[in-house]
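In: generate a structure from the sequence data that follows.
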Amino acid sequence: MGFKLAEYIVLFSIMTTLSPVRTVSFRIAEDKVAALDAIAKTMDRDRSYLLNEAVENYLYEQEQFTTWSNRDATTCARAGF
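Out: Residues are numbered from 1 along each chain as shown. As a prediction, this is how the structure comes out:
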């Protein structure tokens, strides 16, 4: 079953108070939009939700990569490489 209206209102309230939101646009291939829309429909979410999740995951992965890269560079420097 899907969410009730009250649950959507609470979720929206939480999402909008956690951090300010800003509208961003970019170009993307039509087939990717269609794939996003199909996933969104299956999950009972909207496209923005999926894109926000994708950005969150990307930023996390980049942060992890930077952390590991810096750690590896420090290790190499200590080892004299």
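In: quick one: buried residues of the longest helix anywhere in the chain?
Out: Secondary structure of the chain read by DSSP state H shows that its longest helix is helix 47-79. Taking 16 or more other C-beta atoms under 10 Å as the basis for neighbour counts, the residues of helix 47-79 that come out buried are Leu50. Every residue, glycine included, has its C-beta placed from N, CA and C.
In: does anything pack onto it? Which helices or strands?
Out: Counting contacts by 3 or more C-beta pairs under 8 Å, 6 or more residues apart in numbering; DSSP states H and E, the secondary-structure elements packed against helix 47-79 are helix 30-43.
In: tabulate the CA atom coordinates of the helix it packs on in CSV.
Out: Backbone C-alpha positions of helix 30-43 (Å, rounded to 0.1, in the frame of the first residue of the first chain) are rendered in CSV as follows:
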residue,chain,number,x,y,z
GLU,A,30,15.4,10.5,-23.2
ASP,A,31,16.0,6.8,-22.6
LYS,A,32,17.4,7.5,-19.2
VAL,A,33,14.4,9.7,-18.3
ALA,A,34,12.1,6.9,-19.3
ALA,A,35,14.1,4.4,-17.2
LEU,A,36,14.0,6.8,-14.2
ASP,A,37,10.2,7.3,-14.6
ALA,A,38,9.7,3.5,-14.8
ILE,A,39,11.7,3.0,-11.6
ALA,A,40,9.9,5.9,-9.9
LYS,A,41,6.5,4.4,-10.8
THR,A,42,7.5,1.0,-9.4
MET,A,43,8.7,2.6,-6.2
